[in-house]
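Undergrad: need a 3D model of the following:
(2 chains)
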Amino acid sequence: MRIIFSSQATKYASRKDMKETACYTILANQARGKMSSKPRLHYFDGRGRMEPIRWLLAAAGVEFEESYMEKKEDLTKLRKDGSLLFQQVPMVEMDGMKLVQTRAIANYISTKYNLYGKDLKERALIDMYVEGMFDLNELLLKHGYLPADQKEQHFANMIDKAENRYFPVFEKVLKDHGRDFLVGNQLSRADVQLLEIILMAEEWKPDVLAKFPVLQSFKARISNYPTIKKFLQPGSQRKPLVREEEVPKVMNLFYS
Amino acid sequence: MSSKPRLHYFNGRGRMETIRWLLAAAGVEFEESFLEKKEDLTKLQKDGSLLFQQVPMVEMDGMKLVQTRAIANYISTKYNLYGKDLKERALIDMYVEGMFDLNDLLMTYEVQPADKKEQHFANMMDKTENRYFPVFEKVLKDHGRDFLVGNQLSRADVQLLEIILMVEEFKPEIFAKFPLLQSFRERLSHIPTIKKFLQPGSQRKPPSDDDVVDKVMKIFYS
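TA: Okay, the predicted model is just below:
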C-alpha cells in the first residue's frame, strides 16, 4: 500500500478532492498508528474536558483507547503512580508521553495530524478562534453539573454568549473568508471544535442557529467529512450529554 | 520596517502581564494604550477591534490579536521561545498551562471580596507549595540544565520566572523548600533582556493596589 502522508494531501479544489484528501489523511494516520500503539485517554466516562480531544483524534482518523475512572480510588491511583503531572486529568498516553492539560494535548494532536494551519498567521487565527470556543465550551460543559437554583441564570448567560458573542463572530468569519473552512483551505481544529460547540449548544436550544445561515451550512458540510461523519454515528466514542444520575459520581471523583 | 506592537489593556498586570514578559524577554519594544474608563473599552468594542469584545488585544504584524494564549503562542513562535520541535513544544505547553492555572489564582486574589480573601490566599499558597512548585523543582532537577526544556530559553522559563516573582511578593519564605527554583530565579534574572525588564522604569507593572482594582471593576464589571 502506497502511503501518502497528510502533508502532501493538503491541496484540493473540489468536494471530490476533499474526500480523497480525507482518505489519504486517514490512511497516513492509520499507518502511523500501526507503527506505535494507540493513544490511551484517562478520564471519566463522559464529555467534560476530554471531549474536544476525542473530537480531534476522531477527525484525524486516529483510533484511541480509553481507561475510565469510576471512583475516587481510580484517580488516587493515577496520582500515586506519578502519572499526572499536576495531579489532574485529562491525561493522554501517546508517543511515549503522559500528556496532561487540555490545551497541551490538543496542540500536540493538532500539530501532529496537520490540523493547525499551514503557517504562523493561520495558526494565530486558529488560536484566536479556538480560545473563544474553549471559553464557550466552559459555559456549556458546566451547565449540567450546577445545582438547580443556579441553572436558570447560567442557562440565560450561556445562550446569550453563544448567540451574541461567539456565533456572530464565526458566522462573519465564514462569510468573509468565503471558503469551506474557517481558516485557509483545509480542515483545521478550528472547524472541528466549532462543530463540537454548535452541536452542544443545539442540545440546550435546538434553534440556536436560527439567525446563522452560514453556520447552518457549515454544520451540514463538516458533519459529512468522512471521519467526522463516522464519529457522529451511534456506537462511536463520542460521549452523550451529561445525565442527572452521573453528576454525583463526578462530584465524588473530583470534589470529595 | 513595521511598527512596534501596541498593547491594549488597563494600566496593570491582569492577563496582559505575561505578554509583556514574553515581548520583553524577546527584546521586542512595544507600546501601550491604557483603558482608564468604561468608555475606552466601549470604543474599542464599537470599532470592531476586539474579536470577542474582550481585552487583552495586541496590534502586531497587521493583526488585532486577542485571547491571551493566542497572543502568547504567536509571540513565542515568532521569537523562537517555543522549543525546537513538537516534543519540546508539548513539554513547554504542559508546563505553561500549569503556570496559567496558578497565575489565575494569583491574579484574582486582589479582586476577591473581603470575606473570601483568606480562604483564597490559603488555597493559592497550598497549590503553589504542593502542586506547582514541586513539579518545576523536579523538572529542573531531572533535566539538569539551565532551562526547563531543551537547551535554550523558552516561554516556559520566562513564565516560570514571572510566577516565582509574583509568589515571592505574597510569601517569600516559600522558597526555602525549593533551592533549584531559587537558583533558577537568580540565573534567569541575569539574562540581559530580562534584567532590563526587572529594572525600575521598565514596562513591567506593579501589583494592583486598591485604585487599580476600583478602576478594573468600573471598566469591566459595571
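Undergrad: which residues of chain A fall in helices?
TA: Here chain A has its helices, by DSSP state H, at A:15-35, A:51-59, A:72-80, A:102-112, A:120-143, A:148-161, A:167-177, A:189-204, A:213-223, A:226-231, A:246-255.
Undergrad: now mean pLDDT, mean neighbour count and distance to B:M99 too, for those, in JSON lines please.
TA: Every residue, glycine included, has its C-beta placed from N, CA and C. Shown next, in JSON lines, are these (pLDDT from 0 to 100; neighbours: other CB atoms under 10 Å in any protein chain shown; distance: least, CB to CB, whole Å):
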{"stretch": "helix A:15-35", "mean pLDDT": "58", "mean neighbour count": "16", "distance to B:M99": "31"}
{"stretch": "helix A:51-59", "mean pLDDT": "98", "mean neighbour count": "23", "distance to B:M99": "21"}
{"stretch": "helix A:72-80", "mean pLDDT": "97", "mean neighbour count": "14", "distance to B:M99": "20"}
{"stretch": "helix A:102-112", "mean pLDDT": "98", "mean neighbour count": "23", "distance to B:M99": "12"}
{"stretch": "helix A:120-143", "mean pLDDT": "97", "mean neighbour count": "20", "distance to B:M99": "17"}
{"stretch": "helix A:148-161", "mean pLDDT": "96", "mean neighbour count": "12", "distance to B:M99": "27"}
{"stretch": "helix A:167-177", "mean pLDDT": "98", "mean neighbour count": "16", "distance to B:M99": "28"}
{"stretch": "helix A:189-204", "mean pLDDT": "98", "mean neighbour count": "22", "distance to B:M99": "22"}
{"stretch": "helix A:213-223", "mean pLDDT": "98", "mean neighbour count": "16", "distance to B:M99": "34"}
{"stretch": "helix A:226-231", "mean pLDDT": "98", "mean neighbour count": "18", "distance to B:M99": "33"}
{"stretch": "helix A:246-255", "mean pLDDT": "90", "mean neighbour count": "14", "distance to B:M99": "21"}
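Undergrad: okay if I get those helices as CSV plus distance to chain B?
TA: Formatted as CSV, those follow (distance: least, CB to the nearest CB, whole Å):
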stretch, distance to chain B
helix A:15-35, 13
helix A:51-59, 13
helix A:72-80, 11
helix A:102-112, 4
helix A:120-143, 4
helix A:148-161, 9
helix A:167-177, 6
helix A:189-204, 11
helix A:213-223, 16
helix A:226-231, 21
helix A:246-255, 14
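Undergrad: the ones you listed into CSV, with extra columns for distance to B:F121?
TA: Converted to CSV, the helices of chain A look like this (distance: least, CB to CB, whole Å):
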stretch, distance to B:F121
helix A:15-35, 47
helix A:51-59, 33
helix A:72-80, 25
helix A:102-112, 27
helix A:120-143, 24
helix A:148-161, 25
helix A:167-177, 37
helix A:189-204, 35
helix A:213-223, 44
helix A:226-231, 44
helix A:246-255, 21
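Undergrad: nearest to B:E137, out of these?
TA: helix A:72-80 (17.7 Å; CB to CB).
Undergrad: bridged to A:H42, which residues?
TA: A:S67, A:M91 (DSSP bridges).
Undergrad: who touches it in this structure?
TA: For A:H42, the contact set (CB atoms under 8 Å, 6 or more residues apart in numbering or on different chains) comprises A:E66, A:S67, A:M69, A:L78, A:S83, A:V89, A:P90, A:M91, A:V92, A:E93.
Undergrad: how about A:M94?
TA: A:M94 makes contact with A:P39, A:R40, A:Y108, according to CB under 8 Å, 6+ apart.
Undergrad: any idea which residue is closest to the centre of chain A?
TA: Taking CA atoms, centre = their mean, the centroid of chain A lies closest to A:P52, which sits 2.5 Å from it.
Undergrad: wait, isn't that residue in contact with A:R103?
TA: No. Taking contacts as CB atoms under 8 Å, A:P52 lies outside contact range of A:R103: 9.3 Å.
Undergrad: between the two, which contacts overlap?
TA: Residues touching both A:P52 and A:R103 (CB under 8 Å, 6+ apart) are A:F134.
Undergrad: using PDB, write out every CA atom in stretch A:204-212.
TA: Coordinates of each C-alpha in stretch A:204-212 appear next as PDB, following Å, rounded to 0.1, in the frame of the first residue of the first chain:
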ATOM      1  CA  TRP A 204     -29.700  23.000  25.000                       C
ATOM      2  CA  LYS A 205     -31.500  25.200  22.500                       C
ATOM      3  CA  PRO A 206     -32.300  23.400  19.200                       C
ATOM      4  CA  ASP A 207     -33.000  26.700  17.300                       C
ATOM      5  CA  VAL A 208     -29.800  28.400  18.500                       C
ATOM      6  CA  LEU A 209     -28.600  28.600  14.800                       C
ATOM      7  CA  ALA A 210     -31.800  30.200  13.600                       C
ATOM      8  CA  LYS A 211     -30.100  33.500  12.900                       C
ATOM      9  CA  PHE A 212     -26.900  32.000  11.400                       C
END
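Undergrad: any idea how far the closest residue to A:I53 other than its chain neighbours is from A:R179?
TA: Distances taken as CB to CB, 6 or more residues apart in numbering or on different chains put A:I105 closest to A:I53, at 5.5 Å, once the chain neighbours are dropped. Using CB to CB, to the nearest Å, we find A:I105 at a distance of 28 Å from A:R179.
Undergrad: next one: A:E245
TA: Distance, A:E245 to A:R179, using CB to CB: 43 Å.
Undergrad: more neighbours, these two?
TA: A:R179 (10 against 7; other CB atoms under 10 Å in any protein chain shown).
Undergrad: distance of the closest residue to A:H177 other than its chain neighbours relative to A:E63?
TA: Closest residue to A:H177 apart from its sequence neighbours, by CB to CB, 6+ apart: A:V183 at 7.5 Å. Shown here: A:V183 relative to A:E63, a distance of 26 Å by CB to CB.
Undergrad: neighbour count: these two, which is higher?
TA: The residue with more neighbours, out of A:V183 and A:E63, is A:V183; 25 against 13, by other CB under 10 Å.
Undergrad: how about that one, what does it touch?
TA: A:G117, A:E122, A:L125, A:I126, A:Y129, A:H177, A:A190.
Undergrad: do the same with A:L125
TA: Applying CB under 8 Å, 6+ apart, we find A:L125 in contact with A:G117, A:L182, A:V183, A:A190.
Undergrad: swap in 7 Å and give it another go.
TA: With contacts taken as CB atoms under 7 Å, 6 or more residues apart in numbering or on different chains, A:L125 has the following neighbours: A:V183.
Undergrad: may I have the distance across stretch A:176-190, first residue to last?
TA: 16 Å (CA to CA, to the nearest Å).
Undergrad: still on that earlier bit, ok, the residue nearest to A:I53 touching A:V92?
TA: Yes. When contacts are counted by CB atoms under 7 Å, A:I105 is listed as touching A:V92 (5.1 Å).
Undergrad: now for those two: what residues contact both?
TA: A:I53, A:L99.
Undergrad: quick one: A:L140 from A:R49, how far?
TA: Relative to A:R49, and taking CB to CB, A:L140 is found at 12 Å.
Undergrad: okay, now the nearest residue to A:K230 once chain neighbours are set aside: neighbour count?
TA: In this structure, A:K230 finds its nearest non-sequential neighbour in A:S236, 6.5 Å apart by CB to CB, 6+ apart. By other CB under 10 Å, the residues close to A:S236 number 12.
Undergrad: which pLDDT does the model give A:S236?
TA: Note for A:S236: predicted pLDDT of 98.
Undergrad: for it, phi and psi?
TA: phi -80, psi 180 (degrees, to the nearest 10).
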